[in-house]
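S.K.: Take this sequence and fold it.
(chains A, B and C)
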Amino acid sequence: MGKFWSVLFLLVPVLGVACFVVAPWYKYWLPVDVSQHGHTIDHLFYFILWLTGLVFVVTEVVIFWFMWRYDSRGRMRIGTFTHGSHSLEIVWTIIPAATLLFIAIYQMNAWADAKIRNPAAGPDGIFGTADDMRPTLEVTGRQFEWRLRYPGLKAQGKLGDDNDIHVVNDLHLPVNEEILIDLKSADVLHSFFLPNMRVKQDAVPGMKIPVWFRATQTGVYDLVCAELCGWGHYKMKGRLTIESREDFDKWLEQKYQNQSATQDTQSVQQEDSE
Amino acid sequence: MTRTKLFLALTSIAALAVVSVSGCARPTMAGPRADQQVALDIRNKLKEGGGDTAAAGAEAAQGGTGWGTLRGTFKYAGTAPTPGKLNVDKDTEVCGKGQGILDNSLVIGSDGGIANIVLYARAKRVHDSAKPLPKDEKEEPLLFDQKGCMFLSHVVACQVNRPLDVKNSDPVGHNTKIDPTKGAAFNQNLPVGQSLLYIPTKEEAIPAAVSCSIHPWMKAYLLPRNDKYFAVTKADGSFEIPNLPAGEEVEIQVWHERATGPSGGLVLPKKELKWSPKGRFKVKLEPDQTLDLALEVPAGAIR
Amino acid sequence: MKNRVCRPWPLLFGLVLLAPAVVGCGKYDPPRFELNMVAIADAQIPPVQQQELANVLEALYGTPDQPFVLPETGLDLRKIQTAAGPVRSDQFGRETGLYRRHCGHCHGTTGDGQGPTAMLLNPYPRDYRQGKFKFKSTERAAKPTLYDLEMIVRQGIPGTAMPSFDLLPDAQVKALVEYVKYLSMRGQSEIDLINALTALGEGEQLQPNRAVLVDEIIAPLAESWTTAAEKIVQPEPKPDLEALASIDKGRELFYGTAANCVKCHGPSALGDGQTNDYDDWTKPLVEMAKRLEEQQKSLDENRDLPGAERNQIESQLAFAHKALEDDSLPPRNAIPRNLRQGVYRGGRRPLDVYRRIYAGINGVPMPGVGPASPGAEGTLTSDQIWNLVDYVMSLPSEPISQPPRQQQLRVSQANNF
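M.R.: Numbers count the residues shown, from 1 in each chain, chains lettered A, B, ... in the order given. Next up is the predicted model:
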């Protein structure tokens, strides 16, 4: 009976690995990456997955082997106890520390690209120039929706006047352009999550946090909240539409026209009188 | 030892059971549950287009001839309470001229007469002089003025389709908000010196509140009725409803802003008038009779 | 072998796990429409008539799980059935129970604006039962068009807890709108029935026949909804005036005695002018509470009342207090909008703001300045309303600490007023 338990333990690494092998067939794998920097994030993810996966499998197999080899049944010898080995401890401290340090240095560039090298900061990265990049839009998380504010068409990217275009939940962005978003929260912590852009950033009340990325493919993708923000967290589902510059401008123009309407459009009246 | 553990376990089971049965909802009063069978019967009858409408027609047939007059006075029994001051916190130079405004929800004259009690009748026969007003006829508008941040007429009863000339005689702007339950709601901005027409389109069962949002202490009541069988007591507490149908029982609703009955119904301990808990009494007049009622209002009937 | 005698733990653990299965989560009680107990208590409807009311309402409108409508209501039962009932989807992914899924937790099963999350919100969710809606394109006293309700569902109401449901399929939004109309008609029919019960004379009974229920209650109500589209406020074209000139004129009006905006929205337009009024949903509650208090006082003073009568009044008062406590949320004042935030609850199109000013906002103190009914006279002209629209919409981008000179002048005048 004793060996039964060791076999049961062996199932842990076997099933664990099997889950990962089978997952893509069930579409439980990373969503399509349509961003420019996404591959570096994915690369880091795979790198760490392989590293930890390897260590996991080796550790589990060693545990299995010890249980199998030193099964108590039929063994009369009592185990010996020691106070440990100093050199062994040094080894198993230094190896993980070195690995972590390597990961920390290895990912630095990816992190800096995603969170520090703000494209609005100008080419030298510190002092902006006169023709700074202006944010494409401002996103405000609110219980429980995403309020989006685009600069007016004639405002040259300047936000905060009468020309602003207001949209809810329906995020449209041009393809192949550097997108800069001012992320805000109106009430509590939210997290602005675009899985297909490999972008996830907490929105913090009282802060304006820049988020940037570049989409490489047109299409319709998800926008969700990745921070439990209250009872209606599940309602904070938006839609991201990546489209060509012409389509985007057309859409924005349409939104602006709707928003500055001083008369009902014909179609609305018809619908009403039905 | 084992017994204690067993006890603990059983208690936790009991606690779990209590929570799962009771839930943790906010207590609400939901009212009685519908009787499904009765509801279904009513529904089927409605679907069939069935309706015992014949009963309503039979009722109108009975009744007498001739007309009578009902008049009387309402007197307050006991010492009249002194009216308090209203909370005037705006435009104080105009509103009350710095003196404040007295609460006029209960106005009792020096002789004990209670003003602003409304009486209105439900009669089956209607005299020519009391007939409902046709819709499109141009009627003389009734003045409904405001001055000193008070509505000059505190309680108004009028006929449906009789226009109301809502006027602002103050040097400050007002708005007039009328909230009838059946007719159209009205809330219009009323600049200095201007006036607007309001035409009540539906009969109300109880007087509708009239207010001003800019000066929330301003209050009045408006009762539109189809026929002309209504009266508002004057400062001395007197009222008169002429030309009521004689020879039949006429039910008269009595209303006062501060009456304790349901929806402002004024309930008096008068058994001989069959005074109901809704604030209604019944009279049966002889032709050409003038019935004079001296009504005493006890302190408990008005709060 | 000795140890096997007492090991109660595995057994007990199993029992604890089994307990909910045995006891269950209480008997499954299908959700029900609750009666408007506050209105019932206010009108002092006796229990027998409450039962009649419940029966008639179920006959007319069914239950949350099995809704029913008469053809005279003009309601589309198929849409209502999609929105009603428990949250479910069939093998084709068609969803039903939309109302309970998206709306019920705030607006309540009955549409009374008292769902479980309602009391956490400010402002409270809308109570549909009065049949009054604030943000609509029609005249003040008219019902909203279905398109108006759809816009609210799609765009949400900024500044309140109402989120946008724009990404729901079109058919689902339409079904939800129909269900809101259904709940509103049910609630308003209930109020009408309570009024009809109050109007009954001594010894009379409510006749549940077509003449009373359909002709007097449902038909006029249905008509008010179907004719709403005829009462849409269509503004005159906006005058061709330079923006700044129009804003100046608007400012003049805002502080003047003709439009009187300053009285409620305050001299700085921060919504601090008139803050102690109530809206139409809250005012009756406040007045009822005040009435109960005064009635209690007069009962206490009136010592020579016979015991039986006293008991009756006391039980009536207790019932009313309980209704208020259980079936209404703590009253809050209606606060005029802070116009400097750039948050427009009923939509930010100039057209929307025009309609707010023209017709006022139904159910709240905000009065209208346009004609109250077609053919009547308004207090401001269409051009003047457009000026006000321009001024109000310029306020968010105007610095409050350094307002334009002429406004400083106006502020001092307004303060002296």
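S.K.: Test my guess that C:Thr82 contacts C:Tyr99.
M.R.: No. When contacts are counted by Cβ atoms under 8 Å, C:Thr82 is not listed as touching C:Tyr99 (9.2 Å). All C-beta spots, glycine's among them, are computed from the backbone N, C-alpha and C.
S.K.: And the nearest residue to B:Lys147 once chain neighbours are set aside, how far from B:Val192?
M.R.: Nearest non-adjacent residue to B:Lys147, counting by Cβ to Cβ, 6 or more residues apart in numbering or on different chains: B:Ser169, 4.5 Å away. B:Ser169 sits 9 Å away from B:Val192, going by Cβ to Cβ, to the nearest Å.
S.K.: likewise A:His39?
M.R.: From A:His39 to B:Val192 the distance is 71 Å (Cβ to Cβ).
S.K.: Looking at those two, which one has more neighbours?
M.R.: B:Val192 (15 against 12; other Cβ atoms under 10 Å in any protein chain shown).
S.K.: distance of the residue nearest to that one when sequence neighbours are not counted from chain A?
M.R.: Nearest non-adjacent residue to B:Val192, counting by Cβ to Cβ, 6+ apart: C:Thr257, 4.8 Å away. From C:Thr257 over to chain A the distance is 27 Å, taken as Cβ to the nearest Cβ, to the nearest Å.
S.K.: One more: B:Met218?
M.R.: On the measure of Cβ to the nearest Cβ, B:Met218 and chain A end up 35 Å apart.
S.K.: Now do the contacts for the residue lying closest to that residue once chain neighbours are set aside.
M.R.: With Cβ to Cβ, 6+ apart as the measure, B:Cys212 is the residue that lies nearest to B:Met218, at 4.0 Å, once sequence neighbours are left out. B:Cys212 makes contacts with B:146, B:149, B:174-177, B:218, as judged by Cβ atoms under 8 Å, 6 or more residues apart in numbering or on different chains.
S.K.: buried stuff in the helix of greatest length in chain A?
M.R.: In chain A, taking DSSP state H as the definition, the longest helix is helix A:38-69. Buried residues in helix A:38-69, counting neighbours by 16 or more other Cβ atoms under 10 Å in any protein chain shown, are found at A:38, A:40-41, A:60, A:64, A:67.
S.K.: Keep only those that also lie close to chain B.
M.R.: The subset of the buried residues of helix A:38-69 within reach of chain B, by Cβ under 8 Å from any Cβ of the partner chain, is empty.
S.K.: still on that earlier bit, determine which two of the contacts of B:Cys212 are furthest apart.
M.R.: The largest separation in the contacts of B:Cys212, counting by Cβ to Cβ, is between B:Cys149 and B:Lys177 at 14.4 Å.
S.K.: Packing partners of the helix or strand following the longest helix of chain A?
M.R.: Note on helix A:38-69: by DSSP states H and E, the next helix or strand toward the C-terminus is helix A:86-106. Judged by 3 or more Cβ pairs under 8 Å, 6 or more residues apart in numbering or on different chains; DSSP states H and E, helix A:86-106 is in contact with helix A:38-69.
S.K.: quick one, the helix it packs on and helix A:86-106 angle?
M.R.: 160 degrees (axes from the mean of the first three to the mean of the last three Cα atoms, to 10 degrees).
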